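Asks: what's the 3D shape of this:
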Amino acid sequence: MKSEMMYQRRRRIGKILSVLLICVWMMYTYSVQTVSASAWNLDEVCRVFELAIERNEKQVSFATSSDYTFEQLTRQLSQAAENQGMLYTGKCTYQKQVLGSQAEYTFYLSDDSLLKVKRLKNTAAAYKAALKALKNSDYTTRFYSDSSYYSVFYLMLQQHPEYNYNTLVWKNSNGTYGYRRSRELTKSEQNARMRAADKKAERFVKNRIKNNMTSLQKLQAIHDYLIRLCEYDYENQEAKGYEDSFTAYGALVRKKAVCQGYTAAFNLLAQKAGFSSIAVCGQANGGSHTWNYIKVGSGSRYVDCTWDKTLQQGGAVCYDYFNVGSEVMRRSHIWDTKKFSAKYLKYCKYIK
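Replies: Model prediction:
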């Protein structure tokens, strides 16, 4: 009987200790999840929010003037988020308890109240960020700017198809944008194709491009190599989904490509050889077409490997559209000269 009473007593003590431990744990959890402070002005409110964001707090409480509006306070939250490399999405709730001239505010932040972003301050920064993201297959970074540079990201994708393996540009209503991989290729499939094309381009430059060659000789070597290596893929020239023939991999590894594939391969080879080269998107013979625009010395010239390939007769390489000026191209090609002008060649330094 005595042992039974002792057992029951120990059980009661155990239950009491368990309850105490739970209470201590809840008090600790509440303390680390809540920032509470006094803020006498809006700058101090901003610092309170900034500390909460740094600590990944979901509940932020502070006392300040009762005259401040919700809009004034959330502007401080937005500024605090920017200071921490985040974007305030506008999603939060709050409570306000007025105590005379002061008020106790409590803001509740959810998982989607803040987004980690990379802010772009000007157009030059946008071009650099877009090209770096393309080359590195960065499909996770959310970019943000007061004025959207979505059009810059789209233009860089057009001008550099050597990194376009059915890559897409996205934008969100909250102002963020960036690149993402389509569902037609897995990450491993895309990476394998890009590595194979890159390896083939590096091997060509190592074996075929010599230091004693002139710039024109180097470009001609690239032009001739592509025309002799790659066949035009008539079967897939109107393909809508992903096809290797639209990529540098298709031209250099599978040896079959449409105009975008020729252009992508030429860009990649030219960059490996030290040239700045972009793709030009336009029309020829009434259909969509792409070709290359390259910096040569102090000037810039056009190369259309696709047309020189299709105009080729017998074994002789055709040079009708090699190292030509705009006057020659305009006889058969149409394009937006502002979107594909020489000024964009200077940005190629970000992918060399």
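
Asks: from here on, just use CA atoms for contacts and neighbour counts.
Replies: Fine.

Asks: who's in contact with Leu77?
Replies: Residues in contact with Leu77 (CA atoms under 8 Å, 6 or more residues apart in numbering) are 46, 49-50, 88.

Asks: can you list these in CSV and add secondary structure, pLDDT and distance to Phe70?
Replies: Supplementary listing: the contacts of Leu77 in CSV, determined by DSSP: H, G, I helix; E, B strand; the rest coil; pLDDT from 0 to 100; distance: CA to CA, whole Å:
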residue, secondary structure, pLDDT, distance to Phe70
Cys46, helix, 96, 13
Phe49, helix, 96, 14
Glu50, helix, 96, 17
Tyr88, strand, 97, 14
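
Asks: from those residues, list the buried ones, please.
Replies: With burial judged by 16 or more other CA atoms under 10 Å, the buried subset of the contacts of Leu77 is 46, 49-50, 88.

Asks: can you tell me which of the residues you listed is nearest His289?
Replies: Using CA to CA, Tyr88 comes nearest to His289 of those, at 41.8 Å.

Asks: what about the strands in the stretch 51-200 of the chain?
Replies: Counting by DSSP state E, counting those that start in this stretch, residue ranges of the strands within the stretch 51-200 of the chain are 59-65, 86-88, 92-99, 102-109, 114-116, 118-119, 143-144, 167-171, 177-181.

Asks: Glu231: which of the ones you listed is closest?
Replies: Comparing the strands of the stretch 51-200 of the chain by CA to CA, strand 167-171 comes nearest, at 24.0 Å.

Asks: right, and Arg142 touches Lys118 too?
Replies: Yes - using CA atoms under 8 Å, Arg142 makes contact with Lys118 at a distance of 6.2 Å.

Asks: neighbours of Val152, how many?
Replies: By other CA atoms under 10 Å, the residues close to Val152 number 18.

Asks: quick check: phi and psi at the closest residue to Glu54 other than its chain neighbours.
Replies: Once flanking residues are discounted, Glu54 sits nearest to Gln84: 7.1 Å by CA to CA, 6 or more residues apart in numbering. Dihedral angles phi and psi of Gln84 (degrees, to the nearest 10) take the values phi -100, psi 10.

Asks: give me the distance between the two termini of stretch 323-339.
Replies: 20 Å (CA to CA, to the nearest Å).

Asks: any buried residues in it, and which?
Replies: Within stretch 323-339, judged by 16+ other CA under 10 Å, the buried ones are 323-324, 329, 333-335.

Asks: what's the answer for stretch 101-114, then?
Replies: Buried residues in stretch 101-114 (16+ other CA under 10 Å): 103-109, 113-114.

Asks: pull the CA atoms of stretch 123-143 into CSV?
Replies: Presented in CSV, the C-alpha positions along stretch 123-143 are these (Å, rounded to 0.1, in the frame of the first residue of the first chain):
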residue,chain,number,x,y,z
THR,A,123,20.1,49.6,-66.7
ALA,A,124,23.8,48.7,-66.8
ALA,A,125,23.4,46.6,-63.7
ALA,A,126,20.4,44.8,-65.3
TYR,A,127,22.4,43.9,-68.4
LYS,A,128,25.2,42.5,-66.2
ALA,A,129,22.8,40.6,-64.0
ALA,A,130,20.9,39.1,-66.9
LEU,A,131,24.0,37.9,-68.7
LYS,A,132,25.6,36.4,-65.5
ALA,A,133,22.3,34.6,-64.7
LEU,A,134,22.1,33.3,-68.3
LYS,A,135,25.7,32.0,-68.4
ASN,A,136,25.4,30.4,-64.9
SER,A,137,22.0,28.9,-65.5
ASP,A,138,20.7,30.9,-62.4
TYR,A,139,17.0,30.0,-62.3
THR,A,140,16.5,30.7,-58.5
THR,A,141,17.4,34.4,-58.1
ARG,A,142,14.4,36.8,-58.0
PHE,A,143,15.4,40.2,-59.4
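
Asks: distance between the top strand by length along the chain and the chain's centre?
Replies: Determined from DSSP state E, the single longest strand within the chain is strand 287-296. Between the centre of strand 287-296 and the centre of its chain there are 24 Å (CA atoms, centre = their mean, to the nearest Å).

Asks: moving C-terminal of that strand, what's the next helix or strand?
Replies: strand 299-303 (DSSP states H and E).

Asks: which strands and helices sit next to that following strand?
Replies: Contact here means 3 or more CA pairs under 8 Å, 6 or more residues apart in numbering; DSSP states H and E; on that basis strand 299-303 packs against strand 287-296, strand 322-324, helix 326-329.

Asks: who does the longest one touch, helix- and strand-wise?
Replies: When you say that, I think you mean strand 287-296. Short answer (3+ CA pairs under 8 Å, 6+ apart): strand 287-296 packs on helix 259-272, strand 277-284, strand 299-303.

Asks: residues of the next helix or strand after the shortest one that come out buried?
Replies: For strand 299-303, the following helix or strand on the C-terminal side (DSSP H and E) is helix 305-310. Taking 16+ other CA under 10 Å as the neighbour-count basis, helix 305-310 is seen to contain the buried residues 305-309.

Asks: how many other residues sit next to Leu155?
Replies: 17.

Asks: likewise for Asn292?
Replies: 25.

Asks: now the one 3 residues further on
Replies: Close neighbours of Lys295, defined as other CA under 10 Å, add up to 17.

Asks: what's the spacing between it and Thr306?
Replies: Applying CA to CA to Lys295 and Thr306 gives a distance of 19 Å.

Asks: one more: Gly274?
Replies: Relative to Thr306, and taking CA to CA, Gly274 is found at 22 Å.
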